[in-house]
Every structure is written in structure tokens, then in C-alpha cells.
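Let me see the structure of the following:
(2 chains)
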2 protein chains.
Amino acid sequence: MVHTGSCGDRLHNILVSYLPILTWMPKYKKSDLLYDAVSGITVALTLMPQSIAYASLAGLDPLFGLYAACFGSVMYIIFGSVRQITIGPASVVALLTFNYVNPALPTTAVILCFVSGIVELICGLLRLGFVVEFVSMPVTGGFTSAAAIIMASSQLKGLFGISFDAKNCMEMWIKFIENIEHFRVADTAMGLICIFVLIGLKSLKTIKVNAKGMKAKSYSVLLFLLTTGSNVLVVIVSSIIAYFSIRQGQSPLVLTGNIASGIPQFRFPFSDYEDEDEKFTFFEGLSRLWPGAIVVPLVSILSTVSVAKAFSGGKVVDASQEMIALGFCNIFSSFMGSMPVAGSMTRSALNHTTGVRTTFSSIFTTILGMLSLLFLTPLLYYIPKSSLSAVLICAVTSMFRYDMMISLWKTNRRDLIPFATAFVACLIFDVELGLLFGICVDLLCVLYRSARPSISIEKETNSGYVKWVVRPSSGLLFPAVDYMRQRVIAEMSSLECSNKPNLIVVDCVHFDKTDFTAAQGIKSLINELKSESCQLELMNAKECVAAILEATLNVKILSMVPLQDSVKKFNFIQPDLNGIESMTLHEMKMKNICERKT
Amino acid sequence: MVHTGSCGDRLHNILVSYLPILTWMPKYKKSDLLYDAVSGITVALTLMPQSIAYASLAGLDPLFGLYAACFGSVMYIIFGSVRQITIGPASVVALLTFNYVNPALPTTAVILCFVSGIVELICGLLRLGFVVEFVSMPVTGGFTSAAAIIMASSQLKGLFGISFDAKNCMEMWIKFIENIEHFRVADTAMGLICIFVLIGLKSLKTIKVNAKGMKAKSYSVLLFLLTTGSNVLVVIVSSIIAYFSIRQGQSPLVLTGNIASGIPQFRFPFSDYEDEDEKFTFFEGLSRLWPGAIVVPLVSILSTVSVAKAFSGGKVVDASQEMIALGFCNIFSSFMGSMPVAGSMTRSALNHTTGVRTTFSSIFTTILGMLSLLFLTPLLYYIPKSSLSAVLICAVTSMFRYDMMISLWKTNRRDLIPFATAFVACLIFDVELGLLFGICVDLLCVLYRSARPSISIEKETNSGYVKWVVRPSSGLLFPAVDYMRQRVIAEMSSLECSNKPNLIVVDCVHFDKTDFTAAQGIKSLINELKSESCQLELMNAKECVAAILEATLNVKILSMVPLQDSVKKFNFIQPDLNGIESMTLHEMKMKNICERKT
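All right, here's what the predicted structure looks like:
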């Protein structure tokens, strides 16, 4: 069905699928530029304060975050296929970076970024996008909810101006409670006020403007600016307060401190690194964080693809292409000395609201970011750490999926198992181990459920001749066949001899696929039934299923439907044969045989 | 359907299910005793030489094997449910024992035996029998084939009278080739002759007796004795040769050597142990082999249950009960100082051929074993090691499943993937890791296949109104829903606008179960189609599926079947409603609504 033409056409199709820029660039209009500029600049307003906060979450210098914010999404313009997505520092990835990067050797974060990009690129080129499908939403929900709690907990010390080291969430809370007496009044006040202001500004979204005409328009623009610019507003105002208190000779607040200004130099990641007190090569650095080189790209892919799916709006998301795009983004931004980047749900939502037209909007984020790097870094000195903590706490609250918990409870409580498993495991172990554990438990649940199809047994008696029709509700891949065997035999063993069936027909109408073990299981069922002088027959088997069963059972399946079958009108229906509403087994057999011969 | 009566009846049923001895003991007849005695004695003839060979395979003194042979199956008389099964030293379990038991501390094998029993018992009591279903036959086949190669390779040095240490199969072959020049002529000759004799005697099975009457009967008995007693025959004859060569002052053969005679003392496994040069407690011993305490019981369960299934003949095998029985067998025989035991395929087949009536036959094996321990151990001194190697090599060849490879190739080549994975992984890594890896790959294949249902799309055009019926061939658990979404959207995107469907009906007839992620996927499909001004409807949803979908989509599913649907007669059939061969969607909707309201 896909449009295929000459060789040139096909080449063009392949090129377009790998370089989505070719789809929108030729049609790009001036009006698109306006929308893209507005979106890009709005995103930058949220991104800049967040990037500093995420860098501190990762235990890194703010510059790593700012570079990531500037250069993370450049390559997405060329390779990205979902226009709403912005690539940059992301909360969960920052949390993982913290787990793998030694704070004494912060530049290993650049190595992590580069290697993650390579891994993502390879996964994408191997077309491994389908793997993402095997992570269900409850698992992702449990994982992000736990990550939100861990991240918010990690900001408590910043919010209250306390300093201590803690490895996991539990330890964080214990040390926080132990050290709560050392809290700094000014920081705590600043942090809490920032949180309240942020919550207040975000709630402005819900306000409906009653005025009409121009007034209404300017009102809505103002409201929009206040809500989307809330992070910047809070950070600027708190920095101004800090600045003036320092000018008055007081320094009650813990500040971000000096940040080197200027645009970073393009630097090849394989070169040698030097941190405060240690020199190391690329591979030495890699050997110190290597498990992260597997975990970080996997989690980045997972979050980016799920964001892409949320905003694809009618188009199929090519997960493999998103992996490739993310890979290039990480590789390029590692050249600029950034921490690992990924897609962010909140900023992509912002892009969506501002009506972004193409991925080109990222260029405005980059330009604004570079301008800040050139001229504003001296001002970053004054940002109070507690207000950054407040920004981060407010950013991650939306990741706590209580809404999903409620709807799981309401719709399908069984799905609370993977949610709760991932959630609890992430809180108890590390987030990455918890995620892995959650995925495994979830897939085992899927396997178990597909191993336990519901099996209906219909019993018919016709002048002493007892016939059962056994119909499993889904295909019999191997774990399910034993279950059917057991059901049938258990059902039979409880009966008096005279009530036992003379014929059992297994209706394969719902069978999609089968395998060797399943075929062997049916074979033993046939043998077992023989000893009870009962015959087993199969009906409605699809071509592919019949082929396997016939070869294994060494018998023509369709000829197993007996001619001596005395049941006249047997209301079984073969939904795959159109227009045939009812037929006797004999007729059906004949039709099938004819069809298969042709 | 199960026979349930008064409280006493129910108690009786539970008792019988845990103690299968209660089913056959009250009905036991004299004629049963004869058959059981013949079977028990025949099994003992095969078992005794095998048990010495398996003990040497495990790197242990022959006594560990003899004790296992004597006492391994005692408890199976009480708890076992499949009469053909004999529990005793088994090849794969011996191989694993070799991996975990330090040859310098051989009595840790007793600890391993006890702990395996405990683990098996616990698994059985937790009713974990269903787990065995998730190990497919190709994986088991690949595993046992690799194990056969490894075991045969490990016997090469015995066969050629060379001695060296090697850890894995590859190393065995390398060292064997390096040391081949040191081979001992007498051992090699004895070993090879034994192999040829064993093959010759086994092939007697295929001979058909032409004579008639008594002569025929005595011929068949002779043939039977020669084939089943081939191991004993070979061992006895080779021992006699060794005995006489020693009496003539020569000792060209490596012999088994001294074995302590007498019946072992009943000994509680928690007591202290003492090996040649080291004293240790139960827990110290356990700490040296603990991964084995998980792997050995799992493999024992797997092999025992698959043997039980092969011989259950019409009865459902209660895998959990087999676990309990195996647990008690291991615990009891550990009290007698044995190595770990499990069910053996070859000996159970022998039991089956000799027409065993009940599990009571094991008592004869035990008695014969105890008599040999009392009176024959001095003779065991003379058994040449090369003839034991020959016995073992011949015993494991049947485990190499080339027959399965052939039938997989002929019937279902896709199943060669798990077979080959398990086979190669077992040869490259350890057998236990290989088995685990094979199981994981196999289950991933099952998951992948259930994530890729075949999806049929039927297109109908009725005066410009385009309608598609999308019918996935199996239930949509979460990994499959994205696939359906992609199929539908890809199909649509390739079409001209006028050919795009106005209505898409998803036929849920094959849906067995669904979950939150799948429901969300359908929700996004609905939204995506809306943007193409196409409606999505669901039909034929089962009660349980409809409940979840309705709750998530926040919409009545059946009311989504439109009244304005212009198609008059829509030949869709709902196989779950008997007697309804064809109905319009509208009729169906009405019927469904009525049914669901009641």
C-alpha cells in the first residue's frame, strides 16, 4: 500500500525517513517562523532555570546543564520527527547521571553523554524501537512517581539550606530529620515562598478571562507569560533579593556561586580529561561509569519515546528514528561539554501549547541560551540555591502519577501490580534496578496471563454420543497448552464413565500461532484421550497453525473431522470465511479441504 | 464438577492428593507385587553401575552414588504420583553437583542434597508447579543435548586412562588433545570394547523373534535381560578381567578402588562435618555451595516433572506434588549421606517397559542396593574406570536430541531459535547459565510473538462511505496495541484523502484480556483518527474486556456502534452467542445492551 515508485522515489523515501528535516524544510513559511520563534523563546525561559537545577541534581556544575540546554536539541532539528519535542537536560536522566558520575570527576558526565549518544544511535540503526513497546504505562508510571519522590527528597537539603551527603531516598530523609535543627531561616523562607509563588502562578492557568476584545487578549497573554515564565520570574526576583542583601553587607542565602561565562569550545570527547586533582583518558573515565552507559541511554530512550508518543497526534512514532535523533543530540552536545540529554515532557507540552510548527524552534532556544552564556552568567552567581530547589520540586511534582493510580484503581486493578512493583522497587533499590525489576514482573504477568486463556467447554449429548467442544480464548503458545490439557482431563476425571465424551473437538478459531511444545502437548492429549477411548479433533485451524500441527501430529488435521459425526446441524461459525453463517462440520471440512488444495 | 461431598470427603481428597500412596495401597494385589518386583530388580541392575558412574561424574566417591541409588526413591513410594518414575542419581544433576561441590570437601554434596530437598519441598507447598510450564521443550532439548556433550566429553579422560583437570567442555577437549599421547593402551581398549558391546546389546532390542511358542518366550526373555542388563554385564565382565589380570601380577587398568562397605548410618544433616583435612558446620558448608542450592533443585524439578509428564499416560501431572515428593526424597536420602537425586528418563522408561504397577517397586531397588552395599562392595574395587566411562557415555547419548532437531527443522523452524540458544549457551557458559539464558530468550520470543498478532483489515465501500473492519488475531495485551495502531495508521497514511475510511470498526472477537496500556493505546488511536475525521468503534467485546475499555475510554463501547451505520446486513458473527449466525450491527448492539443490563 505504501507509495512505491522508481528507484529514485524509494531512495527519497528512505532519505526522508532518516532526515525528517527534508519533509518540512522545503515547505517552510514566514508564518511558521513566527510560531517557532515564540515557542523556542518560551521554552528557553523554562529551560534555563531548570537546566541549572537539573545540573545541581546531577551533582554537577551549572554549566553542564546550561550547555545541555543550549546544544542538546540542535541535532533534533535535522533528525527529529515530532515537532513538539525539545531535547535538553531532563530530570530522570539527571538523577541517573548523579548515580554514575563521580562528583570529584565531573567531566565524566561528558563521556557519559557521548557514550549514551553512541548507544542510542546504534539501537536506532538496529531498529530496536519495538523494545519500547514492552514497557507498559503502569511500569513507567510507577517508575516516574518514585523518581519524583526521590528527586523532591534530594532537594530538601537545598530548600532548608542544610548540607549533608546521602545515597538513597531513605537515607536522605533520615539525615534530613537528623539535621533539621541546623536549618537556615533565610533559605527556608526563600524556598518555601518560591514554592508557594510557583504554585500560585501555575494555578493562574485555570483562570478564565471574562473581559472581551483587545483587553481579553492582553489579559490572556499576560496570564500565559506569568504561568510559562514562572520559573524565570521566581529565579530573577530571588536573585535580585540576594543581590541587594549582599550589597547591604548581608549574606543570609546560599548562592549558586561563580560560573565561567562564554560559549564552550568544541572538543572531541576522545581527548584527555583533567579534573581538579586528576588526569584521565576517555577510556579510564568510561571504565568508572560503564553501567551508566547502558542504563542512561535506555532510560533516555524510554522517556523520549513516551513523550514523542504523547505528542505525535495521529502520526506513527518511529521509535527507532527517535533513538537515532536522540543519539545525534547526545553526541553533538557532548562535543560542547554537556551532561546527557533527553526529551522532557513539561517543555514539550509547553511547545505544544505555544503552537510550535517545526523542530526548527529549537534554534531560538539555542540562540537565547548562547546569549545568556555570553552575557548573563555573572548574574547567575546570585541565584539562591533554595529557589532552584523550589523550581525543581515544582517541576517534578507533575511526575508523581497519582492520577494514574486513581484510574488504575477505577479501571483495571490488576495493573496496579506492575505500578506498585516498579514504584516500591525504585524507592527501595536504585531507580534503574527498580525499573528493570518492574519491567520483568510486568512481562511475567503478561506471560502468565497469556498462559491462562479462558477455556469454554460446551457439552452436547445426542442419543448417548457425548461430544465436547473445547474452545480456548486465545492462541496456544506453549505455556497455555498444558493448562488446556489439565482443564480437559480434570473435567473428564470427575465424571462417571457413561458421561465421558466420545469425541472432543478443539476449536482453533482463536489460535493465531502455535509452536512445537504446544503441538507436542496436543499430541499427548490425543494419546491420553485414546486410553479413555475418546477421539480428539481439531477444527477451524488457520493455515499456519494447521501446518505446524499436521507436521507434528503426523496426521491431516482436517481429515480428523469425522464423517461419521452424527450431529446434523452444528452451529459453528468460521469468522474468517465471509458469508458463511452456519454449516455442518462435514460441509466445513469439505470447504476447507478444497480451499487448502487450491 | 469435582466430586465434593461432606467435610470428611473433602479432607480425604486433600489427603489423597498429598499422599498418593493412599490411592493404590488399599487396592494392592499379589499380582501387582510380582510386576513391581520384576521392575524394581531390573531398574536396580541398570542403576547400580550408573550410580557409581554418576558419582564419579560429580567428582565424588562411588558411595555417594550408591547411597543415592538405594535411598533416593524410598519417599517417592509415599509421595510420588507417577508409578513409572524412579528417583536416584541423575546425569544432569550429577554434572551440576560437580560444579558446586568442592572435591576436597565431598560431604558438602550431602548438604546440597538436603538443601535441594528443602527448596523443592517449599516450592511444592507454595504450588509453584506451574512455573515448569514456562520451560518449553526446545529449550529443554537444547539444554540436555549440550549436557550430553559435556558429560560425554568429561568421560574421555576416563575412557583413555588419561588424567587432567578441566573446568569446561572446551578446556576438556583442549587438554584431552594435548594429553592424548599419554593414553593407556589397556584402558582405551577396554573402554572402546565396552562401548561397542553396549551399543551391540542395546541394538538387540530391535531384533524380532521368529520362533514360536515357549522357545519364542524364552528367547524374548533372554533378549530383554541382555538389553536391560547390558550395563551390569559389561561392568561385571570387565571387573572379572581386571581381577584376573591383577591375580596374574599385572595391573594395566585404572580401577575404582576401595569402597567402604555396609549400610550408612542415619545422620542428621545439621551436624558437624569432617572431610580429609577440614572440619566444618552445616552452614559453613552451605555457604561454599549456595548458588547450587537454587540451581540444583530447579534443574531437578525440571527434569523430574518432564519425566513425569512423559509417563503420566492420561492423568494430569500435579507438578507441585512431584516437587513435594522430590523434596522428601532428597531430604530422606541426605540423612543417609547421598548426593542429590532426581527422576531419570532412562530408568523410568525401563520401569514402563517392565510393566510397573505402583511406586512400591522402588522398595526392591532399595533392598537390592542394600544387599550390594553389604556384600558386594569389595567386588566394586575391581571395576575398571574406563568401563564406567563407557557406561556413562552410552547412557547420555540418548540425551542428545538430534531427533528433536530434525523434527523442529521439519515442523517449526522458528522453534530452532530457543533450541540453538540453549544449546550454544550451555556449551559456552555453564549449563545452568545456559539454561537460564535459553529460557529467557524463549520467553522473549513468546512475548514478541504475542505482541505481533496478525491483523486483517477488511475494506468496504458503500456509496462513498468507507468502512474498515480491523481484526487482530489475538488479545491485545499492551505490547500488541501499538502494533495495531501503527498498522492502521500506516495503512491510512498511504491513501488518498477520498479513499480514507470514515469508520473503523475494531473487532474484538479474538480478545481475551486487555489492560490499561492497551486501553490507553486505543484511546490515542481514537484521538488520532478524530483528526482525520474518522470514527473508531469496537464490536464483539467480551464482558471483561468491555468493562476495562469502557472505564478507560470513559464511553459506552456498545453505544459506539452507530445507528446511522448504513450497511444493512453485516455478516459478523459472535461465536460466543449460540444460535446467532448473522445479525446487523444494530441488532447486535441492541442484544448486547439488553444482555448487559440484565
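
residue ranges for the helices of the stretch 51-200 of chain A, please.
Under the criterion DSSP state H, counting those that start in this stretch, the stretch 51-200 of chain A carries helices at the ranges A:62-71, A:76-79, A:91-100, A:108-125, A:137-154, A:156-160, A:169-179, A:185-203.

Go through the ones you listed and pick out the most buried.
Ranked by mean neighbour count, these are led by helix A:62-71 with a mean of 29 (mean count of other C-beta atoms under 10 Å in any protein chain shown). Every C-beta, even on glycine, is put in place using the N, C-alpha and C of the backbone.

Who are the packing partners of that helix?
Helices and strands touching helix A:62-71, by 3 or more C-beta pairs under 8 Å, 6 or more residues apart in numbering or on different chains; DSSP states H and E, are helix A:30-57, helix A:108-125, helix A:319-335, helix A:362-371.

ok, now with 7 Å
helix A:30-57, helix A:319-335, helix A:362-371 (3 or more C-beta pairs under 7 Å, 6 or more residues apart in numbering or on different chains; DSSP states H and E).

need those helices in JSON lines with mean pLDDT, can you?
Formatted as JSON lines, the helices and strands packed on helix A:62-71 follow (pLDDT from 0 to 100):
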{"stretch": "helix A:30-57", "mean pLDDT": "86"}
{"stretch": "helix A:319-335", "mean pLDDT": "93"}
{"stretch": "helix A:362-371", "mean pLDDT": "92"}
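
can you tell me which of those comes nearest to residue B:137?
With respect to residue B:137, and counting by C-beta to C-beta, the nearest of the helices and strands packed on helix A:62-71 is helix A:319-335 at 33.6 Å.

and the helix or strand just after the closest one, which strands flank it?
Helices and strands here follow DSSP states H and E; after helix A:319-335, the next one along the chain is strand A:342-343. Strand A:342-343 sits in its sheet next to strand A:87-88 (antiparallel), going by DSSP bridges.

ok so, going back, most neighbours per residue, which of the helices and strands packed on helix A:62-71?
Taking mean count of other C-beta under 10 Å, helix A:319-335 is the most buried of the helices and strands packed on helix A:62-71, at a mean of 26.

List the contacts of it.
A:17, A:67-68, A:71-76, A:79-81, A:87, A:110, A:113-114, A:116-118, A:120-121, A:123-125, A:127-129, A:132, A:266-269, A:300-301, A:304-305, A:308, A:340-342 (C-beta atoms under 7 Å, 6 or more residues apart in numbering or on different chains).

cool, stretch A:418-427 as well?
Contact with stretch A:418-427 is made by A:136, A:138-139, A:141-143, A:145-147, A:149, A:169, A:405, A:408, A:433-435, A:437-438, A:441-442, A:445, as judged by C-beta under 7 Å, 6+ apart.

same question, stretch A:163-172
Against stretch A:163-172 from outside (C-beta under 7 Å, 6+ apart): A:149, A:150, A:153, A:154, A:156, A:157, A:175, A:179, A:427.

please redo it, this time with the cut-off set to 10 Å
A:99, A:103, A:146-147, A:149-157, A:173-176, A:178-179, A:182, A:184, A:254, A:385, A:426-431 (C-beta atoms under 10 Å, 6 or more residues apart in numbering or on different chains).

per-residue pLDDT, residue A:66?
Residue A:66 carries a pLDDT score of 91 in this model.

buried residues in stretch A:420-433?
Neighbour-count burial for stretch A:420-433 flags A:420, A:421, A:422, A:423, A:425, A:426, A:427, A:430, A:431, A:432 (criterion: 16 or more other C-beta atoms under 10 Å in any protein chain shown).

Quick check: what element follows the helix or strand where the last one lies along the chain?
Under the criterion of DSSP H and E, residue A:432 resides in helix A:431-451. Following the chain from helix A:431-451 toward its C-terminal end, the next helix or strand by DSSP H and E is strand A:455-462.

List the strands paired with that next one, with their directions.
When DSSP bridges is applied, strand A:455-462 pairs with strand A:465-472 (antiparallel).

Write out the residues of the stretch 301-450 of chain A neighbouring chain B.
Applying C-beta under 10 Å from any C-beta of the partner chain, we find that the stretch 301-450 of chain A lies next to chain B at A:309-310, A:312-319, A:404, A:407-408, A:410-416, A:418-419, A:440, A:442-450.

What subset of these is buried?
By 16+ other C-beta under 10 Å, these give A:309-310, A:312, A:316-319, A:404, A:407-408, A:411-412, A:415-416, A:418-419, A:442-443, A:445-447, A:449-450 as buried.

now the nearest residue to residue A:150 once chain neighbours are set aside: how far from chain B?
Setting aside the residues directly before and after it, residue A:150 is nearest to residue A:169 in space (C-beta to C-beta, 6 or more residues apart in numbering or on different chains), at 4.8 Å. Remark: distance between residue A:169 and chain B (C-beta to the nearest C-beta, to the nearest Å) = 26 Å.

got it, and residue A:37?
Computed as C-beta to the nearest C-beta, the residue A:37 to chain B distance reads 25 Å.

Same check on residue A:128?
12 Å.

got a list of what that residue touches?
By C-beta under 10 Å, 6+ apart, the neighbours of residue A:128 are A:120, A:122, A:301, A:319, A:320, A:323.

Likewise for residue A:478?
So residue A:478 contacts A:451, A:514-521, B:133-139, B:415, B:418, B:442-443, B:446 (C-beta under 10 Å, 6+ apart).

Excluding sequence neighbours, find me the nearest residue to it.
residue A:517 (3.5 Å).

Could you say which helix or strand holds the one you found?
helix A:516-531.

and that helix, what does it pack onto?
Contact here means 3 or more C-beta pairs under 10 Å, 6 or more residues apart in numbering or on different chains; DSSP states H and E; on that basis helix A:516-531 packs against helix A:478-493, strand A:503-507, strand A:535-539, helix A:543-553, helix B:137-154, helix B:292-311, helix B:402-411, helix B:416-428.

Run through the bridge partners of the nearest residue to residue A:507 once chain neighbours are set aside.
Nearest non-adjacent residue to residue A:507, counting by C-beta to C-beta, 6+ apart: residue A:471, 4.1 Å away. Beta bridges link residue A:471 to residue A:456, judged by DSSP bridges.

Residue A:471 contacts residue A:510, doesn't it?
Yes. With contact defined as C-beta atoms under 10 Å, residue A:471 counts as touching residue A:510 (7.1 Å).
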